[in-house]
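Asker: With the input below, show me the fold.
(2 chains)
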Amino acid sequence: MEFKDYYQILGVPRDATAEEIKKAFRKLARKYHPDVSKEVNAETRMQELNEANAVLSDPERRAAYDQLGRGYQPGQEFQPPPDWDAGFEFSGRGFSPGEAGDFSDFFAELFGRTRTAHAFNTGQRGHFQARGEDHHAKVLLDLEDAFSGATRQISLRAPRIDAQGRVVLENRTLNVKIPQGVHAGQVIRLVGQGAPGIGGAPAGDLMLEVRFRPHPRFRVQGRDLHLTLPVAPWEAALGTVVTVDLPQGSLRVRIPEGAQSGRQLRVRGKGIPGAQAGDLLLDIQVVLPPADTARARALYETMARELAFDPRQQGRN
Amino acid sequence: MRDEEILIGSLMDSSWLTLEQLAAACTVEPGWLLRHIEDGLFPHAESVAGVWCFSSHSLLRARRMRQLERDFDAVPELAALMADLLEELDELRARLGVAG
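Answerer: Numbers count the residues shown, from 1 in each chain, chains lettered A, B, ... in the order given. Model (predicted):
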């Protein structure tokens, strides 16, 4: 296990005041906030910042960390001595055991003894009851999964309380059936798959927020699917029926006569399926054949002569 | 859990969360949620026959607001304003993605 220098993570000296630590955390939390940050590693950095802040903003944890970490360098191999935490009391405030799932093994090893663990480890067990916490995670799916449903293996890192009553981080793999009709931003709730309850109380739930991987053809908005549909000039001018391949099956769509680039066709109920199925939105894009042969050039020249068409005329009127 | 065991989840929006369930999911007290609802900071909260029910949208909003209040000591109204802006950002990003 590598030693983590929380002071270095927050960019503050070891003698920083509580106010300086708070200020440094807020400044970096703004920079790496996952919702707005453009940094590539924003989410990982935010987790590090939260972890460093959970230790340095808490006087009890900071005092213990300072005593234990004296002389260690960041990344140096580290193993806390047995019973190093004797004489310290950790209230577990500022973060929940569920959130600790995002923290490092280093943190779990040092500060795993939370109130929850304490309750497990003492006479409170059997008298004290509390439902386990809900856990949150994101699940990345393919668009096709929303059409057909799928079973996905999801790997999660979650805190668990071991036989000694310490919180340890455990990797676990779940096989989850993804229901048909799921869409981005929706939450799949797995009852009883969160943190275990205390004293026989039920476990918490696992909330999986759905995200889609970018699709090479379709763009997804809620339940609606958008697709750019290239058509030849004569198909657009004269109208035609084209076959559109969907994530599941295909569809024949009538292109109306006189269709132009930028026009949108809506096919109701052919988006992501469900009780309120989404729509399929086809963005027409007229594609010109290249004038790269004598025959093609002759055809364009005939059109130029016969049609007397000026596409800029409309803008002048 | 056995490897072959398959968990079947329920989709929120077709199954709503109660006030207590939402509070537990965000690690807040139910009173925190009630105060925010009463102050009009959860515009999408719905009450059916006097019982509050929440969608996945409310879950994401509540988690965001709680984090903003905790990380920046933001007053609830400021956290709600930030949540409004972040939701609008999500919407605009989704539109940008659709535009290709």
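Asker: Tell me which other helices or strands the lengthiest helix in chain B touches.
Answerer: With secondary structure taken from DSSP state H, chain B has its longest helix at helix B:76-99. On a contact count with 3 or more CB pairs under 8 Å, 6 or more residues apart in numbering or on different chains; DSSP states H and E, helix B:76-99 meets strand A:219-221, helix B:30-38, helix B:56-72. Using the backbone N, CA and C atoms, a C-beta is placed for each residue, glycine as well.
Asker: 7 Å instead?
Answerer: Applying 3 or more CB pairs under 7 Å, 6 or more residues apart in numbering or on different chains; DSSP states H and E, we find helix B:76-99 packed against strand A:219-221, helix B:56-72.
Asker: Only the buried residues of it, if you could.
Answerer: B:76, B:79, B:80, B:82, B:83, B:86, B:87, B:94, B:98 (16 or more other CB atoms under 10 Å in any protein chain shown).
Asker: ok now it, how far from the chain's centre?
Answerer: 13 Å (CA atoms, centre = their mean, to the nearest Å).
Asker: The helix or strand bottoming out on mean pLDDT in chain B close to chain A?
Answerer: Lowest mean confidence among the helices and strands of chain B (mean pLDDT, DSSP states H and E): strand B:10-11, at a mean of 72. Yes - shown here: strand B:10-11 in contact with chain A (CB under 7 Å from any CB of the partner chain) through B:10, B:11.
Asker: Now residue A:297. Its backbone dihedrals?
Answerer: Backbone torsions of residue A:297, given as degrees, to the nearest 10, read phi -60, psi -40.
Asker: quick one, what contacts it?
Answerer: residue A:291 (CB atoms under 7 Å, 6 or more residues apart in numbering or on different chains).
Asker: Which pLDDT value belongs to it?
Answerer: What the model reports for residue A:297 is a pLDDT of 97.
Asker: I'd like the distance between it and residue A:305.
Answerer: Distance from residue A:297 to residue A:305, counting by CB to CB, to the nearest Å: 13 Å.
Asker: pretty sure residue B:10 is in contact with residue A:192, am I right?
Answerer: No - using CB atoms under 7 Å, residue B:10 makes no contact with residue A:192, being 11.9 Å away.
Asker: which bits of the stretch 201-317 of chain A sit near chain B?
Answerer: Within the stretch 201-317 of chain A, the positions near chain B by CB under 7 Å from any CB are A:204, A:207, A:208, A:219, A:221, A:226, A:228.
Asker: nearest residue to residue A:215 other than its sequence neighbours?
Answerer: Distances taken as CB to CB, 6 or more residues apart in numbering or on different chains put residue A:143 closest to residue A:215, at 4.7 Å, once the chain neighbours are dropped.
Asker: Pass me the low-pLDDT residue ranges in the chain, would you?
Answerer: Using chain A here. Low-confidence segments of chain A, defined by pLDDT under 70: A:82-102, A:112-129, A:158-169, A:314-317.
Asker: oops, I was thinking of chain B
Answerer: Low-confidence segments of chain B, defined by pLDDT under 70: B:1-4, B:12-15, B:100.
Asker: who in it is up against chain A?
Answerer: Checking chain B against chain A by CB under 7 Å from any CB, the hits are B:5-13, B:15, B:24-25, B:27, B:56, B:59, B:71-72, B:86, B:89, B:94, B:97-98, B:100.
Asker: What subset of those is buried?
Answerer: Buried positions within these, assessed by neighbour count (16+ other CB under 10 Å), are B:7, B:9, B:11-13, B:24-25, B:27, B:56, B:59, B:71-72, B:86, B:94, B:98.
Asker: Kindly indicate which of those residues lies nearest residue A:313.
Answerer: Closest approach to residue A:313 among these (CB to CB): residue B:98, at 31.6 Å.
Asker: Next, the buried residues of stretch B:38-57.
Answerer: B:41, B:42, B:45, B:52, B:53, B:54, B:55, B:56, B:57.
Asker: Endpoints of that stretch, how far apart?
Answerer: 18 Å (CA to CA, to the nearest Å).
Asker: what's around the nearest residue to residue A:150 once chain neighbours are set aside, how many residues?
Answerer: Distance criterion CB to CB, 6+ apart; nearest residue to residue A:150, sequence neighbours excluded, is residue A:178 at 4.8 Å. Residue A:178 has 23 neighbouring residues, counting by other CB atoms under 10 Å in any protein chain shown.
Asker: Residue A:178 touches residue A:141, doesn't it?
Answerer: Yes - using CB under 7 Å, residue A:178 is in contact with residue A:141, at 6.2 Å.
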